[in-house]
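Visitor: Coordinates only, no sequence provided:
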């Protein structure tokens with residue numbers, strides 16, 4: 001356990017030894033498991049040095065939970081990178097500040113890697129990546145000129161969008177709001193309509209996540225109205241960004257119970273998807289007919305129409321679902337699970353939940369929304385009845401008492 005957290009914190013043997021006030025040989029004995037750490041004072045000191053809760057070392061279940069998802073220190077590092085105003089404006093830059101050397105090829109590789117991790121529901125990897133990626137992207141924008149600066153701004157906007165998307169998954173709406181706001185400001189500076197459309201989608205999500213779904217719907221309608229005329233000559237990337245913007249608006253409308261807006265926005269998205277002829281993943285959008293149908297299920301679950309959500313899910317060909325990224329498939333299973341729970345089908349809800357966990361454990365165990373879903377499932381059982389063993393284990397793994 002100590003070795004794992006040393007590696008996750010980027011801490012060498014020497015650094016741990018120095019901070020513990022011990023020798024390298026003492027650290028090596030810990031790493032080799034030759035020394036029993038049975039003194040609470042030593043355990044507490046190790047936990048403090050590694051910046052982890054003491055319970056992480058003592059409780060195997062808590063240790064496994066924290067290993068699965070980004071922890072508070074990693075989230076704080078991302079938040080700090082976003083709030084560094086010296087990286088946004090020269091007004092606050094200190095004299096002698098040395099910026100990382102810009103490397104556009106490295107930035108592009110890191111951004112693409114981050115989005116691949118997101119679509120694989122690997123939020124722990126993203127948590128370790130984002131702080132440095134944000135700082136490097138910001139530094140590149142300040143140091144480059146002309147076309148290279150425009151490229152750097154593009155990667156910075158995608159970095160902010162990745163931060164926003166991850167923050168929303170983890171239930172940190174405030175962090176997601178800041179990242180979404182940054183993303184659209186930078187996107188507008190590039191003049192890239194595809195990037196602007198995608199960033200507008202993140203802002204709509206931020207509004208919805210902060211209980212401003214009505215504003216989110218209006219933003220999507222306004223943005224779609226301005227971007228719509230470009231569809232006639234659009235490439236697949238723009239069409240995908242535009243379609244996903246419509247779908248995000250439909251989810252915001254669903255949370256308001258506005259069935260007419262949901263239907264209208266999703267019908268328009270379906271029309272855009274039909275133009276593409278096949279499911280695509282342009283700029284990590286996973287947009288296509290299948291994703292429109294998946295969002296239909298999600299919207300129905302949001303409107304507490306569980307029976308219709310299950311029916312809509314049954315109409316999606318399984319083979320088509322397999323073309324979607326793991327994150328989207330697991331999220332879809334959670335929506336189907338909500339449909340089963342809303343119709344009182346606890347056992348089927350449990351099976352679907354466990355299927356999602358098997359497919360993408362971090363999608364289930366790291367998402368704030370999932371914890372509420374599992375809590376609802378556990379509480380749905382009458383006194384004297386308990387959930388199946390797998391659900392009980394999963395609930396305990398995410399910190400829900402059963």
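Guide: Nice, thanks for sending it over. Here the structure is a predicted model, which means the values were calculated and not measured.
Visitor: Give me the contacts around stretch 6-21.
Guide: In this structure, residues lying in contact with stretch 6-21 by Cβ atoms under 8 Å, 6 or more residues apart in numbering are 5, 23-24, 26-28, 31, 45-46, 49-51, 73, 128. Glycine gets a C-beta too; all of them are placed from N, C-alpha and C.
Visitor: I'd like those as JSON lines, with pLDDT appended.
Guide: Output for the contacts of stretch 6-21, formatted as JSON lines (pLDDT from 0 to 100):
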{"residue": "5", "pLDDT": "75"}
{"residue": "23", "pLDDT": "83"}
{"residue": "24", "pLDDT": "83"}
{"residue": "26", "pLDDT": "80"}
{"residue": "27", "pLDDT": "78"}
{"residue": "28", "pLDDT": "77"}
{"residue": "31", "pLDDT": "65"}
{"residue": "45", "pLDDT": "81"}
{"residue": "46", "pLDDT": "82"}
{"residue": "49", "pLDDT": "82"}
{"residue": "50", "pLDDT": "81"}
{"residue": "51", "pLDDT": "79"}
{"residue": "73", "pLDDT": "80"}
{"residue": "128", "pLDDT": "85"}
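Visitor: Report the buried residues of the top helix by length along the chain.
Guide: Longest helix in the chain, counting residues (DSSP state H): helix 146-169. For helix 146-169, a neighbour-count test (16 or more other Cβ atoms under 10 Å) marks 149, 151-169 as buried.
Visitor: which residues of the stretch 301-402 of the chain fall in helices?
Guide: Counting by DSSP state H, counting those that start in this stretch, the stretch 301-402 of the chain has helices at residues 306-314, 318-321, 326-342, 346-359, 361-365, 368-379, 389-397.
Visitor: Return the list of helices and strands in contact with the shortest one.
Guide: Put plainly, it is helix 318-321. Here helix 318-321 touches helix 289-302, going by 3 or more Cβ pairs under 8 Å, 6 or more residues apart in numbering; DSSP states H and E.
Visitor: what angle do the helix it packs on and helix 306-314 make?
Guide: Angle of helix 289-302 versus helix 306-314, following axes from the mean of the first three to the mean of the last three Cα atoms, to 10 degrees, is 170 degrees.
Visitor: Compute the inter-axis angle for helix 289-302 and helix 368-379.
Guide: Going by the same axes, to 10 degrees, helix 289-302 makes 50 degrees with helix 368-379.
Visitor: tell me which strands and helices helix 289-302 is in contact with?
Guide: In terms of contacts (3+ Cβ pairs under 8 Å, 6+ apart), helix 289-302 is packed against helix 236-255, helix 259-276, helix 306-314, helix 318-321, helix 326-342.
Visitor: gap between the closest residue to residue 284 other than its chain neighbours and residue 131?
Guide: The shortest distance from residue 284 to any residue other than its chain neighbours is 4.2 Å, reached at residue 115 (Cβ to Cβ, 6 or more residues apart in numbering). Going from residue 115 to residue 131 by Cβ to Cβ, to the nearest Å gives 16 Å.
Visitor: again with residue 358
Guide: Distance, residue 358 to residue 131, using Cβ to Cβ: 31 Å.
Visitor: who's more crowded, those two?
Guide: Neighbours of residue 358 and residue 131, each counted by other Cβ atoms under 10 Å, are more numerous for residue 131; the result is 20 against 12.
Visitor: host element of the more buried one?
Guide: Per DSSP states H and E, residue 131 falls inside helix 123-143.
Visitor: Find the centremost residue of the protein, please.
Guide: residue 166 (2.4 Å; Cα atoms, centre = their mean).
Visitor: pLDDT score assigned to it?
Guide: Model confidence at residue 166, given as pLDDT, is 94.
Visitor: The closest residue to residue 161 other than its chain neighbours: how many residues sit nearby?
Guide: Sequence neighbours aside, residue 183 is the residue nearest to residue 161 in space, at 4.6 Å (criterion: Cβ to Cβ, 6+ apart). Neighbours of residue 183 under the rule other Cβ under 10 Å: 29.
Visitor: elements contacting the helix or strand containing residue 183?
Guide: Assigned by DSSP H and E, residue 183 belongs to helix 173-190. Contact here means 3+ Cβ pairs under 8 Å, 6+ apart; on that basis helix 173-190 packs against helix 72-83, helix 146-169, helix 193-209.
Visitor: let's go with 10 Å and repeat that
Guide: Applying 3 or more Cβ pairs under 10 Å, 6 or more residues apart in numbering; DSSP states H and E, one finds that helix 173-190 contacts helix 72-83, helix 123-143, helix 146-169, helix 193-209.
Visitor: Which strands and helices lie in contact with the first one?
Guide: If I follow you right, that is helix 72-83. For helix 72-83, the elements it packs on are helix 123-143, helix 146-169, helix 173-190, judged by 3+ Cβ pairs under 10 Å, 6+ apart.
Visitor: and with 7 Å instead?
Guide: On a contact count with 3 or more Cβ pairs under 7 Å, 6 or more residues apart in numbering; DSSP states H and E, helix 72-83 meets helix 123-143, helix 173-190.
Visitor: any chance of those in JSON lines, plus distance to residue 396?
Guide: Below are those laid out as JSON lines (distance: least, Cβ to Cβ, whole Å):
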{"stretch": "helix 123-143", "distance to residue 396": "20"}
{"stretch": "helix 173-190", "distance to residue 396": "26"}
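Visitor: Which one, of the ones you listed, ends up nearest to residue 290?
Guide: Closest to residue 290 of the helices and strands packed on helix 72-83, according to Cβ to Cβ: helix 123-143, at 23.3 Å.
Visitor: packing partners for the closest one?
Guide: For helix 123-143, the contact count by 3+ Cβ pairs under 7 Å, 6+ apart identifies helix 72-83, helix 104-119, helix 146-169 as packing neighbours.
Visitor: just for the protein, where's the confidence low?
Guide: 1, 31-38, 84-98 (pLDDT under 70).
Visitor: who touches residue 78 in this structure?
Guide: By Cβ atoms under 7 Å, 6 or more residues apart in numbering, the contact set of residue 78 is 130-131, 134, 163, 175.
Visitor: quick one: residue 7 and residue 67, what's the gap?
Guide: Applying Cβ to Cβ, the value for residue 7 to residue 67 is 11 Å.
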